[in-house]
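S.K.: Fold the stuff below for me.
(one chain, ligands or ions: 2)
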Amino acid sequence: MANKRKCRHCQVYTHDFIVVGVMAFCDFDHATSYAYAKKDKGYEIQRKTARKETAKRKQEIKTRRQWIVEAQQSFNKFIRIRDTPDPCISCGTSRADIESRHGWKVGGCWDAGHFKARGVKQQLRFNTYNCHKQCKSCNGGSGKFSHKAATVDQQYRINLIDKIGLARVEELEGNNELEKQDIEYLKRVKSIFNRRAKHLIKLRGY
Ligand SMILES: [Zn+2]
Ligand SMILES: [Zn+2]
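M.R.: Ligands and ions are numbered 1, 2, ... in the order given. From the prediction side, this is the model:
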């Protein structure tokens with residue numbers, strides 16, 4: 001994707017900008033407003049209004065696909081926070097081991113790994129039983145090295161049974177519901193998991 005630039009007028013970052021000289025703008029309107037109104041006393045107000053309108057417009061044109069990405073990010077973050085003390089769900093490597101191997105890049109050591117892949121059972125994308133903290137090496141292994149992926153998945157299943165019980169694991173495996181994940185639903189998912197993550201951080205004092 002192309003770089004983002006900040007609109008000189010409304011100050012909102014955008015991928016979709018026009019360039020005038022060395023300055024970037026959302027569109028021609030914002031470029032002219034900037035050029036003409038710069039000396040105006042009311043300019044700051046005008047700029048703030050433009051900023052609000054641009055932000056609103058961006059929310060409105062956000063596609064379902066973008067909402068899925070945002071909802072998934074906040075869900076995955078919640079999972080990593082919830083499972084902070086836990087070892088990798090697949091290989092069982094402890095938090096201390098992984099994090100000492102990776103130095104201080106603590107946030108970068110872990111992924112939220114789905115038991116049933118999102119592509120296969122997309123209705124389980126935001127299911128908290130279906131997703132657990134996984135080390136990057138186990139999470140990244142699937143697909144690339146198929147013999148490794150098979151072991152990773154088997155280990156995931158064994159450890160998952162330990163963690164949530166066989167009944168719940170079988171429930172996930174047998175789940176074939178078709179859930180409608182429209183934009184409203186995705187917005188709710190995003191805000192619920194943002195809230196739950198914040199709550200946990202506060203509760204546990206991270
Ligand atoms: Zn702008
Ligand atoms: Zn692992």
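
S.K.: Enumerate the residues of the protein near ligand 1.
M.R.: The chain comes close to ligand 1 at residues 7, 9-10, 26, 30, as judged by Cβ under 5 Å from the ion. In short, each C-beta sits where N, CA and C put it, glycine included.

S.K.: residues contacting the residue lying closest to K4 once chain neighbours are set aside?
M.R.: In this structure, K4 finds its nearest non-sequential neighbour in Y13, 4.6 Å apart by Cβ to Cβ, 6 or more residues apart in numbering. Residues counted as contacts of Y13 (Cβ atoms under 8 Å, 6 or more residues apart in numbering) are 4-7.

S.K.: Pipe the residues you listed into JSON lines and attach distance to F115 and secondary structure per row.
M.R.: Shown next, in JSON lines, are these (distance: Cβ to Cβ, whole Å; DSSP: H, G, I helix; E, B strand; the rest coil):
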{"residue": "K4", "distance to F115": "35", "secondary structure": "coil"}
{"residue": "R5", "distance to F115": "40", "secondary structure": "strand"}
{"residue": "K6", "distance to F115": "41", "secondary structure": "strand"}
{"residue": "C7", "distance to F115": "43", "secondary structure": "coil"}
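
S.K.: And the residue nearest the centre of the chain, how far from ligand 2?
M.R.: Nearest to the mean C-alpha position of the chain, counting by Cα atoms, centre = their mean, stands Q73 at 1.3 Å. Going from Q73 to ligand 2 by Cβ to the ion, to the nearest Å gives 21 Å.

S.K.: Now do that residue against ligand 1, distance only.
M.R.: 25 Å.

S.K.: coming back round to it: Throw the residues of the chain next to ligand 1 into CSV and include neighbour count and secondary structure, thanks.
M.R.: Listed next are the residues of the chain next to ligand 1 as CSV, based on neighbours: other Cβ atoms under 10 Å; DSSP: H, G, I helix; E, B strand; the rest coil:
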residue, neighbour count, secondary structure
C7, 23, coil
H9, 26, coil
C10, 24, coil
C26, 24, coil
H30, 24, helix
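
S.K.: Output these in TSV; the columns should cover distance to R157 and pLDDT.
M.R.: Supplementary listing: the residues of the chain next to ligand 1 in TSV, determined by distance: Cβ to Cβ, whole Å; pLDDT from 0 to 100:
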residue	distance to R157	pLDDT
C7	49	94
H9	54	92
C10	50	93
C26	49	93
H30	54	92
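
S.K.: And these, which is closest to ligand 2?
M.R.: Closest to ligand 2 out of the residues of the chain next to ligand 1 is C7 (42.8 Å), distances taken as Cβ to the ion.

S.K.: quick one, strands of this protein?
M.R.: 5-6, 13-14, 18-20, 23-25, 110-114, 131-135 (DSSP state E).

S.K.: Mind listing what's buried along the worst-scoring helix or strand of the chain on mean pLDDT?
M.R.: When the helices and strands of the chain are scored by mean pLDDT, DSSP states H and E, helix 136-141 comes last with a mean of 80. Neighbour counts using 16 or more other Cβ atoms under 10 Å place 137-141 of helix 136-141 among the buried residues.
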